[in-house]
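Colleague: how does the following fold in three dimensions:
(chains A and B)
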2 protein chains.
Amino acid sequence: MAWAGLRSISRRTFSTAADRRHYFPSDFPTADFTLVGQEELLRFCSDCLLSSGAKPKHADCVARVLVEADLRAVYSHGINRLKMYADECRTGAVDVEAEPVVERERAGTAVVSGRNALGAVCGEFSMSLAIEKAKTHGIGWVLARNSNHYGIAGHYAMMALDHGLIGMSMTNTSPLVVPTRAKNPALGTNPIALAAPTSGRDPFVLDMATSAVALGKVEVAHRRGDKLPLGWSVGPSGLPTDDAEAAVHSSVTGKGGLMPLGGLEENGGYKGYGLAMLVEVLGGVLADSSFGREVRTWQSPLLEGEGADEGANLGQTFVAIDPDFFMPGFPQRMDRFVDQMRGLPSAEGQPAVMVPGEPELNARREQSEHGIRLHDSLVESLHRLAEECGVPRVGLL
Amino acid sequence: MAWAGLRSISRRTFSTAADRRHYFPSDFPTADFTLVGQEELLRFCSDCLLSSGAKPKHADCVARVLVEADLRAVYSHGINRLKMYADECRTGAVDVEAEPVVERERAGTAVVSGRNALGAVCGEFSMSLAIEKAKTHGIGWVLARNSNHYGIAGHYAMMALDHGLIGMSMTNTSPLVVPTRAKNPALGTNPIALAAPTSGRDPFVLDMATSAVALGKVEVAHRRGDKLPLGWSVGPSGLPTDDAEAAVHSSVTGKGGLMPLGGLEENGGYKGYGLAMLVEVLGGVLADSSFGREVRTWQSPLLEGEGADEGANLGQTFVAIDPDFFMPGFPQRMDRFVDQMRGLPSAEGQPAVMVPGEPELNARREQSEHGIRLHDSLVESLHRLAEECGVPRVGLL
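Modeller: I've put the predicted structure just below:
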């Protein structure tokens, strides 16, 4: 049965602040921001890493991944992480000389050792290998061990799109999420990303933490003095809290923390907890890297100066799938599927239905053209970083 | 860093109703139930399907899958579905003569056509093929198209455990879930299942719908006259409702329905919506079967007599992974991971932390030994079905 409502839906346009609130990622700044050009941000990012000891090729790789996150308004994984990466290069927590290497390999599978190189370097290496394997064998499934924080998981999934492939990536991360019924954090925000090519539509890009919300959203609520919805965080006793103050600090101190997707147990929070475990099983546990509580604690930007002195030894999963090994016409069917969802009538008073990846791509289009919006406080911290690294300040538009 | 709390944790024992409430699936009956033996339930199930035209081998296969669900106290996918399957056999909605066939095949990948056979038959056929491929190639990734409702996704994932492999399965289903911001259902409860072998512990078995809760839970609240937590369901206008009456009927009429995992948009409901789409992308869309709104509407047990007259043409995913192709020692690391989580201190006043699959296995152990608890109302409906099918009533313990 063909869906009667099938039709081509053109790109939406956005001009008002209300548009942006509805159709851009929720972190997109509407006040107190400064505009920075994409090229200049890449230059600055690269310079800071170079001055911290990274090789030029590695500095460029990390810069691309961080700036891609900012372009997409996923600021929690953008240039606000730069200081952490630069610190890790300087202290030797990350090995700036190391290159990832294939440790074990069969036709469609491989294990890469990141050898404690920068996470993005290990990620691009591993995903490229998965893509190569998928072209020959239909599926490429590559694990990385001894890796580090690699930025947005979606970046690696999206690498597959250039080859007409489906891409997936997942990573474990430092414990911030409190399992259902537990008191303290024992799992990371462990993201799952899936990118799928379309024919005449924007690609499908799901890139989601398996926690209810990102730590960044709790921090924003804290800055604004807002109460949290019940289901985002637990306090030091392990019980749900609406107190952003307690939640922010608990995430730093390792007492209390974020709730898994679903929130309360009765609302399905145990499923988010299960998904976070799934990411570990197919990553850290399968790759024989650190997992769960073993993963190094989070280097919070709130704890200035306390840089890590060892690698994170993360476990990461990279999968590429050639849809032509299954049934021809996949991109055209993706168009129909995306159109189905975007064409659904909205609930009473609700804005239009979106599909995964749409808000980020809306922000990317605007920011590629008009410059990237960085919060003034972030720009201030970049100026301090410029001084630390002895590189020219980031130039503003 | 090894986790200091690492220790072997023995099996828990349960004797009180409170134990069962905390450590068994929430649907486990504590009152108004009748006990039935596992063998007798298998006999009854097989008889009804045989009398409806199914071949003996197929009837046995479906019986095993349904009774496995009841044993695990996942009653929403157990023998309460039997009438639907029997009806589908009788009306020709399902082809009782058909056998699944491999339609396209490469080394590690395949597409199976279920040829509109019973879903469990197609599922076991496809997962067996994935397992065979994983043994040779490390990964077996098999899609089934033209399949039907196949019961609990976890059954197929668990098939891999007998071979020391990791198993995954996903399926699309009839639209019941309302995408974030939309008014009407457009996606199924699209479950994701992952089973992973351990060494000295119970296996890890995640089997979760990507909706906040199952339709069955809304129906239970409705029977009891309880208000729903906000985040389970939306009413006919598409807005969240605490009215179980509206929610139950909306799920039947196709107006309103279940919310995706995460519930409200601000609590991450768009992630559950994204996961439901992921299941479609890797299943229905990739396999070129029906997807999203195209899938036949749900044959609700509330709509007695209105049997379907066509197959559901579902798309299903079956993945098997041989952990030894990656790093040796996986089952031992799984033990450590499971112990990490189960050994976490509980939040104030909370029962002990569990891992995915634990509540179902607790119920399975008790019911294998003492009989399966079936709600009296379910037993009544089985007696009616016995009459319809002309087979002996299910014998009670």
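
Colleague: what's the next secondary structure element after the helix or strand of chain A with the lowest mean pLDDT?
Modeller: Ranked by mean pLDDT, DSSP states H and E, the weakest helix or strand in chain A is helix A:244-253, scoring a mean of 75. Using DSSP states H and E, the helix or strand that follows helix A:244-253 in sequence is strand A:257-258.

Colleague: is that following strand up against chain B anywhere?
Modeller: No: Strand A:257-258 lies apart from chain B when judged by Cβ under 8 Å from any Cβ of the partner chain; the minimum separation is 10.6 Å. To be clear about C-beta, it is placed using only N, CA and C from the backbone, and glycine gets the same treatment.

Colleague: average pLDDT across the helix or strand harbouring residue A:20?
Modeller: Taking DSSP H and E as the definition, residue A:20 sits inside helix A:17-23. Averaged over helix A:17-23, pLDDT sits at 90.

Colleague: again, but for stretch A:169-183
Modeller: On average, stretch A:169-183 scores 96.

Colleague: number of nearby residues for the nearest residue to residue A:97 once chain neighbours are set aside?
Modeller: Nearest non-adjacent residue to residue A:97, counting by Cβ to Cβ, 6 or more residues apart in numbering or on different chains: residue A:55, 7.6 Å away. By other Cβ atoms under 10 Å in any protein chain shown, 17 other residues sit near residue A:55.

Colleague: cool, and residue A:32?
Modeller: Considering only other Cβ under 10 Å, residue A:32 is surrounded by 12 other residues.

Colleague: how many neighbours does the closest residue in space to it that isn't next to it in sequence have?
Modeller: Computed as Cβ to Cβ, 6+ apart, the closest residue to residue A:32 that is not its neighbour in sequence is residue A:376, at 4.9 Å. Residue A:376 has 12 neighbours, counted by other Cβ under 10 Å.

Colleague: how far away is residue A:376 from chain B?
Modeller: Per Cβ to the nearest Cβ, to the nearest Å, residue A:376 is found 25 Å from chain B.

Colleague: report the longest helix in chain A, please.
Modeller: helix A:119-137 (DSSP state H).

Colleague: any part of whichever helix or strand comes after it near chain B?
Modeller: Next along the chain after helix A:119-137, taking DSSP H and E as the criterion, comes strand A:139-147. Yes: Strand A:139-147 lies within reach of chain B by Cβ under 8 Å from any Cβ, at A:139, A:141, A:143, A:145.

Colleague: now stretch A:316-331
Modeller: Yes: using Cβ under 8 Å from any Cβ, stretch A:316-331 reaches chain B at A:321, A:323, A:325-327, A:329-330.

Colleague: buried among those? Need that as a selection in PyMOL.
Modeller: Listed next is the PyMOL selection for buried residues among the residues of stretch A:316-331 next to chain B, using 16 or more other Cβ atoms under 10 Å in any protein chain shown:
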select buried, chain A and resi 321+323+325+326+327+330
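
Colleague: what's the most distant pair in the residues of stretch A:316-331 next to chain B?
Modeller: Spatial extent of the residues of stretch A:316-331 next to chain B (Cβ to Cβ) is set by the pair A:321 and A:329 at 15.1 Å.

Colleague: residue A:60 - nearest residue in space that isn't next to it in sequence?
Modeller: Leaving aside its sequence neighbours, residue A:60 sits nearest to residue A:46 (Cβ to Cβ, 6+ apart; 5.7 Å).

Colleague: element containing that neighbour?
Modeller: For residue A:46, the element it lies in under DSSP H and E is helix A:38-51.

Colleague: any idea which helix or strand comes after that helix?
Modeller: Next helix or strand after helix A:38-51 toward the C-terminus (DSSP H and E): helix A:56-71.

Colleague: what does that next one contact?
Modeller: A:38, A:41-42, A:45-47, A:49-50, A:54, A:75-79, A:81-82, A:85, A:96, A:117-118, A:120-121, A:123-124, A:150-152, A:155, A:363-364, A:367-368, A:372, A:374 (Cβ atoms under 8 Å, 6 or more residues apart in numbering or on different chains).

Colleague: export it to CSV, keeping only CA atoms.
Modeller: Written as CSV, here are the backbone C-alpha positions of helix A:56-71 (Å, rounded to 0.1, in the frame of the first residue of the first chain):
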residue,chain,number,x,y,z
PRO,A,56,50.0,19.1,11.5
LYS,A,57,47.9,16.3,10.0
HIS,A,58,46.4,15.4,13.4
ALA,A,59,45.7,19.1,14.3
ASP,A,60,43.9,19.6,11.0
CYS,A,61,41.8,16.4,11.6
VAL,A,62,40.7,17.4,15.1
ALA,A,63,40.0,21.0,14.0
ARG,A,64,37.7,19.7,11.2
VAL,A,65,35.7,17.5,13.6
LEU,A,66,35.4,20.2,16.3
VAL,A,67,34.4,23.0,13.9
GLU,A,68,31.9,20.6,12.2
ALA,A,69,30.2,20.3,15.6
ASP,A,70,30.0,24.1,16.1
LEU,A,71,28.7,24.6,12.5
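
Colleague: quick one: list the elements packing against the helix or strand just after it.
Modeller: Going down the chain from helix A:56-71, the next helix or strand is helix A:82-91, by DSSP H and E. When contacts are defined as 3 or more Cβ pairs under 8 Å, 6 or more residues apart in numbering or on different chains; DSSP states H and E, helix A:82-91 sits against helix A:38-51, helix A:56-71, helix A:376-389.

Colleague: and the gap between the residue in the stretch 251-397 of chain A that chain B sits nearest to and residue B:64?
Modeller: For the stretch 251-397 of chain A and chain B, the shortest gap (Cβ to the nearest Cβ) falls at residue A:347, measuring 2.5 Å. Between residue A:347 and residue B:64 the computed distance is 41 Å (Cβ to Cβ, to the nearest Å).

Colleague: so residue A:133 makes contact with residue A:320?
Modeller: Yes: shown here, residue A:133 and residue A:320 form a contact pair, counting by Cβ atoms under 8 Å, at 7.0 Å.

Colleague: which residues does the host helix or strand of residue A:331 contact?
Modeller: Taking DSSP H and E as the definition, one finds residue A:331 inside helix A:330-342. Helix A:330-342 is contacted by residues A:3, A:5-9, A:164, A:196-202, A:204, A:323-324, A:352-355, A:358, B:179, B:182, B:186, B:277, B:280-281, B:285-286, B:288, B:291-294 when judged by Cβ under 8 Å, 6+ apart.

Colleague: if you count neighbours, what's buried in that helix?
Modeller: Buried residues in helix A:330-342 (16+ other Cβ under 10 Å): A:330-331, A:333-342.

Colleague: now the nearest residue to residue A:17 once chain neighbours are set aside, what's its secondary structure?
Modeller: In this structure, residue A:17 finds its nearest non-sequential neighbour in residue A:30, 5.1 Å apart by Cβ to Cβ, 6+ apart. For residue A:30, the assignment made with DSSP: H, G, I helix; E, B strand; the rest coil gives coil.

Colleague: same check on the one 5 residues further on?
Modeller: Local secondary structure at residue A:35 is given as strand here, using three-state DSSP.

Colleague: run a quick neighbour tally on it.
Modeller: Look at residue A:35: counted by other Cβ under 10 Å, it has 13 neighbours.

Colleague: the residue lying closest to it once chain neighbours are set aside and residue A:377, how far apart?
Modeller: Of all residues not flanking residue A:35 in the chain, residue A:371 sits nearest, at 3.6 Å (Cβ to Cβ, 6+ apart). Here residue A:371 is placed at a distance of 18 Å from residue A:377 (Cβ to Cβ).

Colleague: of these two, which one has the most company?
Modeller: residue A:371 (18 against 12).

Colleague: contacting residues for the residue most central in space within chain A?
Modeller: Centroid-nearest residue in chain A, with Cα atoms, centre = their mean: residue A:152, separated by 2.6 Å. Residues counted as contacts of residue A:152 (Cβ under 8 Å, 6+ apart) are A:65, A:68-69, A:72, A:74, A:77, A:191, A:193, A:207.
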